[in-house]
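**Q** Below is the sequence, then the predicted model.
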Amino acid sequence: MRMPMQLDSVRRFLAVGVPVGAGVVVFLLAQHGATTRAFAGIAVYAFLCELYLFLFTLVLSSISVATLLRLSRGPVPAADLMRELEPREMVRLRVERLVGAGCLVREGGRLAVARRGRRMLGAFGRLRRLFGHGPYSR
């Protein structure tokens, strides 16, 4: 993400991840040969790449995360949140799931981020910094 390229995050990741992955494969095979240890190292690298892509393409673009991010700026009336995050039904379902999971709380007709939701936001923030992403933009 720190590279000054005009590419989306997946392509930037691939621009770095593929050559690094090739280097990892060459290094591990040169050091250990075609052994279980070498293939385990390659599998760990592949897993970490998949985890990165999942976290920053699917999870951070989800409606649940968008809802938490919006509410992290402060409580809002539920009707306002529904208007901001269309389609309404998807938002309603996500909010109910987040309330049920203890990530959101209802406060007199308004929704706010609960303690558990704040912990999740903190974890997402730490992961963003670890992988060189900027602050949340929503």
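**A** Everything's here; your move. Please read all numbers here as calculations on a predicted model, not as lab measurements.
**Q** List the contacts of residue 25.
**A** By CB atoms under 8 Å, 6 or more residues apart in numbering, the residues touching residue 25 are residue 42. For the C-beta atoms, the positions are set from N, CA and C on the backbone; glycine is no exception.
**Q** Pull up the gap between it and residue 107, please.
**A** Going from residue 25 to residue 107 by CB to CB, to the nearest Å gives 53 Å.
**Q** mind checking pLDDT for the spatially most central residue of the chain?
**A** The centroid of the chain falls nearest to residue 55 when counting by CA atoms, centre = their mean (3.3 Å). Note for residue 55: predicted pLDDT of 79.
**Q** Likewise for the one 5 residues further on?
**A** Among the per-residue scores, residue 60 holds a pLDDT of 58.
**Q** Pull out the buried positions in the lowest-mean-pLDDT helix or strand in the chain.
**A** Least confident helix or strand, the chain: helix 88-100 with a mean of 79, by mean pLDDT, DSSP states H and E. Neighbour counts over helix 88-100 (16 or more other CB atoms under 10 Å) mark 91, 94, 95, 98 as buried.
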